Structures are given as C-alpha cells and as structure tokens.
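> pasting the sequence and the predicted coordinates here, then a few questions.
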Amino acid sequence: MKRNVEMKEISDGNLYDLNDMVKADCNDCKGCSACCQGMGESIQLDPLDIYNLTIGLNTSFEQLLAGAIELNVVDGVILPNLSMKNAKEACYFLNEEGRCSIHAFRPGICRLFPLGRFYENHDFKYFLQVHECNNPNKTKVKVKKWIDTPNLQENKKFIIDWHYFIDDIQDKISEMEDEALMKKIDLFILQHFFIERYSEEEDFYTQFHVRLEKAKKIIERLTK
C-alpha cells in the first residue's frame, strides 16, 4: 500500500541498514498484543508469507481463505491480508494468551513492526515508525536480529522485486479503462503467485523469480 506521508511525520528521521542499531525491541512484547488487534486490512501478505503459512500450517491458500486471510483491492490489485474480522478485531492467529500462534513463520510485516521500509532507487532501507508501538521502554537491537529472517540477501531481493512488480502493475491498472482486462490481470496474479503451490522440495526464491519473469512477459503481452 502506497503511503503519501512525509517521513518526518511518521519516523525518527533516520534510515537504517541491517547492521544498524534501532530502538525497536519491546522485551518480547510481554503482556502486549496491541499491534495484533484492530489493524483492519493493513497486514498485507506477499507470496513468501503465503508459502510459509501453507507449509507451517500444512494447509492450502483456499483453506486459509476460509478464515485466516481475506482478499482486498490494494490500489487496484487484489492481494491477501491477515483477517481481523472476529469479535475482538484481533488477528486470526492471536491465541487466548495474547500471543502469536504462528510466530516461527509469521509474515514479513509482523517481523518488521514497528519498523517500515522506505523504497528508493530499486532498493530500500528501514525506518522506525514512531507512532505505531506504544511501549515506552523500547531498547536498541540490531535490525537484522529484530527482523529474524533467514537468507537475508535473497529475501531482500525478493522483497524489492515483488514491491516494484506490484507497483508497476498498480500504475498500469490506474491508467486502464478496460475493466475486463483489469480483472484478468488481477486474477492471473492471484492464481500465478498465490494459489498455485510452490514446491517444498525446491528453493522458494528460485521458484518465485521464475514465476516473476513469466508473469512480466504475460502481462506485457496482455497490455500491448
């Protein structure tokens, strides 16, 4: 989701790399689950998130849609997000003790919080969202330790490529008048990147980039 805000309004004014220290550690969020409640449709999921959820829960995308996730239009593109439609408006995966039941394979946005990503020149750096976490006693932690993500270089390339691919599609759709074509592209992206399962026997990132190059060619043909 594109955010049209000034960085000075939402951050501490700094940009961080993986080896930088940032004041984001909340002592394992003990006694607090505020960021897992009332987030609406904002916890968007990418193909890696869905892959990790289907593997970690031994389920399918379709089964996740039965309650754990939902689909919404984000700047013209249909994308999945975590569901918070229960009585407490809490994440589907928040347990009775107020803890994350999928912490080992939680989505990328959850790993980041309260950090965000600032994209520029086909790259990104991290920033601290100063209004998102109310814990007054945060301590400094190294960024790469905080986000706790394996294969960081491959992961960063995936995040960048997915972000700019979706950004490009959103720009294309915003200029379209052919609603049938818009719907066709939306359904193709949903099927190609989310519904069709990735092999557990092969590297996810390799599979994703094969799909990405194929998708670019197909969408280019469709939009000529």
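Here it is on my side, so go on.
> can you show me the helices along the protein?
Along the chain, the segments classed as helices by DSSP state H run 7-10, 47-57, 61-64, 108-112, 143-147, 152-174, 179-190, 204-222.
> weakest of those helices by average pLDDT?
Among these, helix 7-10 carries the lowest mean pLDDT, at a mean of 82.
> what's the spacing between that helix and its chain's center?
21 Å (Cα atoms, centre = their mean, to the nearest Å).
> repeat that for stretch 107-123.
So, by Cα atoms, centre = their mean, the centroid of stretch 107-123 is 8 Å from its chain's centroid.
> hang on, the earlier thing: would a markdown table of the helices of the chain with mean neighbour count and distance to residue 24 be doable?
C-beta here means a position set from N, CA and C on the backbone, and glycine is covered the same way. Formatted as a markdown table, the helices of the chain follow (neighbours: other Cβ atoms under 10 Å; distance: least, Cβ to Cβ, whole Å):
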| stretch | mean neighbour count | distance to residue 24 |
| --- | --- | --- |
| helix 7-10 | 11 | 14 |
| helix 47-57 | 19 | 20 |
| helix 61-64 | 16 | 28 |
| helix 108-112 | 18 | 9 |
| helix 143-147 | 17 | 5 |
| helix 152-174 | 15 | 17 |
| helix 179-190 | 15 | 32 |
| helix 204-222 | 14 | 26 |
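> out of these, which comes closest to residue 17?
helix 143-147 (6.8 Å; Cβ to Cβ).
> if we can go back for a sec, quick one: closest of the helices of the chain to residue 40.
helix 108-112 (12.8 Å).
> coming back round to it: can I get the helices of the chain in CSV including distance to residue 123?
Output for the helices of the chain, formatted as CSV (distance: least, Cβ to Cβ, whole Å):
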stretch, distance to residue 123
helix 7-10, 16
helix 47-57, 18
helix 61-64, 30
helix 108-112, 16
helix 143-147, 15
helix 152-174, 7
helix 179-190, 23
helix 204-222, 17
